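Student: just to be clear, the model below is a prediction. Sequence and coordinates:
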Amino acid sequence: MRKYFTFLFTFLYCSIFAQVTLNEIVYDPPTGNADGGNTAGEWIELHGTAGTDIGCYIVTDGDWTITIPSGTTIPTDGFFVIGKATYANTPGGNGTTALDLDVETCGCTTGSKVMELTNSGEFVGIYNPAATPSLLDGVIYESPSAGNLPANEGTINSASTTGCSSENIDIAGSAGSYNSTGAGNNVGVARTSDGTGSWVYLDETEVTPNGSNALGLPIELINFEANVVEADVQLKWTTASEYNNAYFLIEHSWDGITFDEIGRVEGAGTISIQQTYNFLHIDVEKGVHYYRLKQVDFDGKNENSEILAVQTLGKNEIKVYPTVVENSFTIEAGTAFGNTAFFEIFDISGKKIQNGDFYEKDNFLKIDTSNWNQGHYIIQIIQKGQRITRRIIK
């Protein structure tokens, strides 16, 4: 069990320690979300434990700063929004004016101007000047120019407000702790789970001011496996949950580097129930084959799975005959099995009824079935770490 220790002493009427993170940022608001002013509906959402004192915390994009008024605390729902006035939070001690990017006094490095979030990319950080390190959380979104990266910002001065002094914020010194979302072209970014998840991009249907993100990962993949079945390769994968999942592309490679699409399986959209998928790659040539899944969202975003490698022996390399048997059948290979090959035989219920090794220098083995019951049987030949499956009927 984690234990959190909170130090309760005051510096300039502000707390010096809190578990507070950036949670959601909308820098290119959907149509109809504008409140007017220069920021036109942009907002920044913080997340933390209800009642946490965030007075004198500083939010900055490197050009301008917002100093949260002394005495402000995280509301009971755990979210504190700075920005669009219709859902921005009211700071502590102020019963009428919400904390808005349009109206809040800021310590500007380039003159008197409100904070504007650049659509093409920049960064946002939240600092507690009384803590060490002072950066509580920071994110770089889209594709900022070099001048908009934390490492190139140096030190800036924040505004002073009632109960909070002006502070020097060393942005460049904390640049290594900023998260990066990579390139995108969206309306905002958010954590996949409140306060702790990884950062993902948002479209205009996904923004949730003063509400839980609950975005989740596109899919939660439980397992992904590839098995040789006669001359084919059977791919099987299972998801525990899916979010906005349109489909899977099945990709194949001969070298594990260059992949080609060989199939497509539809996803389940958004669902929290376990799903199992199958794909059969038919008549695969002898050799090593590599497979991966490409999961594609409804908005076109995609993510690759791990890469699996399987060794196939080719069509008809291992034969089991006859497939309808009376008293015996034969397992035969094109070359000697070697000393690492063995077999297992199961009935239709999955009960193992026989197993054994192949003779090292032989390429066939005859199996007596005179005492077997009538029914379907599965023969698995394990060679060089691969399972090859054949079926017979008695």
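Tutor: Everything's here; your move. Numbering: from 1, shown residues only.
Student: can you list the domain ranges for the chain.
Tutor: Domain assignment for the chain by automatic domain parsing gives 20-202, 219-312, 318-393.
Student: what comes up buried for stretch 297-311?
Tutor: 297, 301, 305, 308, 310 (16 or more other Cβ atoms under 10 Å). Every C-beta, even on glycine, is put in place using the N, C-alpha and C of the backbone.
Student: likewise stretch 63-83?
Tutor: For stretch 63-83, by 16+ other Cβ under 10 Å, it's 63-75, 78-83.
Student: Val324 contacts Ile392, doesn't it?
Tutor: Yes - at 7.2 Å, Val324 counts as touching Ile392 under the criterion of Cβ atoms under 8 Å.
Student: more neighbours, these two?
Tutor: Ile392 (20 against 9; other Cβ atoms under 10 Å).
Student: what about the more buried one, distance to Phe329?
Tutor: Between Ile392 and Phe329 the computed distance is 6 Å (Cβ to Cβ, to the nearest Å).
Student: who touches both of the two?
Tutor: 320, 322-323 (Cβ atoms under 8 Å, 6 or more residues apart in numbering).
Student: show me which of those are buried.
Tutor: In the shared contacts of Ile392 and Phe329, burial by neighbour count holds for Val320, counting by 16+ other Cβ under 10 Å.
Student: can you redo the shared contacts of Ile392 and Phe329 as JSON lines with pLDDT, distance to Leu46 and secondary structure?
Tutor: Compiled in JSON lines, the shared contacts of Ile392 and Phe329 are given as follows (pLDDT from 0 to 100; distance: Cβ to Cβ, whole Å; DSSP: H, G, I helix; E, B strand; the rest coil):
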{"residue": "Val320", "pLDDT": "87", "distance to Leu46": "65", "secondary structure": "strand"}
{"residue": "Pro322", "pLDDT": "90", "distance to Leu46": "72", "secondary structure": "coil"}
{"residue": "Thr323", "pLDDT": "90", "distance to Leu46": "67", "secondary structure": "coil"}
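Student: CA atoms only for the helix or strand bottoming out on mean pLDDT in the chain, dumped as PDB, please.
Tutor: Ranked by mean pLDDT, DSSP states H and E, the weakest helix or strand in the chain is strand 199-202, scoring a mean of 78. The C-alpha trace of strand 199-202 is given here as PDB (Å, rounded to 0.1, in the frame of the first residue of the first chain):
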ATOM      1  CA  TRP A 199      -1.100  11.500 -23.000                       C
ATOM      2  CA  VAL A 200      -3.300  11.000 -26.100                       C
ATOM      3  CA  TYR A 201      -4.800  13.400 -28.600                       C
ATOM      4  CA  LEU A 202      -8.500  14.400 -28.400                       C
END
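Student: ok now it, how far from the chain's centre?
Tutor: 10 Å (Cα atoms, centre = their mean, to the nearest Å).
Student: if you count contacts, what does that strand end up packed against?
Tutor: Helices and strands touching strand 199-202, by 3 or more Cβ pairs under 8 Å, 6 or more residues apart in numbering; DSSP states H and E, are strand 188-191.
Student: elements contacting the strand it packs on?
Tutor: Strand 188-191 packs on strand 20-26, strand 199-202, going by 3+ Cβ pairs under 8 Å, 6+ apart.
Student: deepest-packed of those, please.
Tutor: Most buried of the helices and strands packed on strand 188-191 by mean neighbour count (mean count of other Cβ atoms under 10 Å) is strand 20-26; its value is a mean of 24.
Student: average pLDDT for that strand, rounded please.
Tutor: The average pLDDT within strand 20-26 is 90.
Student: which elements pack onto that strand?
Tutor: Strand 20-26 packs on strand 43-48, strand 121-127, strand 135-142, strand 188-191, going by 3+ Cβ pairs under 8 Å, 6+ apart.
Student: right, and those strands - which one's nearest His376?
Tutor: strand 188-191 (51.1 Å; Cβ to Cβ).
Student: neighbouring strands of the closest one in the sheet, and parallel or not?
Tutor: When pairing is defined by DSSP bridges, strand 188-191 lines up against strand 20-26 (antiparallel), strand 199-202 (antiparallel).
Student: I'd say Asn269 and Asn244 touch.
Tutor: You called it Asn, but residue 269 is Gly. Yes - counting by Cβ under 8 Å, Asn244 is a contact partner of Gly269 at 7.1 Å.
Student: the two: which has the busier surroundings?
Tutor: Comparing Gly269 with Asn244 by other Cβ under 10 Å, the one with more neighbours is Asn244, at 19 against 11.
Student: ok so that one is a strand residue?
Tutor: Yes - under DSSP: H, G, I helix; E, B strand; the rest coil, Asn244 sits within a strand.
Student: which non-adjacent residue is nearest it?
Tutor: In this structure, Asn244 finds its nearest non-sequential neighbour in Asp297, 4.7 Å apart by Cβ to Cβ, 6 or more residues apart in numbering.
Student: that neighbour and Ala183, how far apart?
Tutor: 16 Å.
Student: out of the helices and strands packed on strand 20-26, deepest packed?
Tutor: strand 43-48 (a mean of 26).
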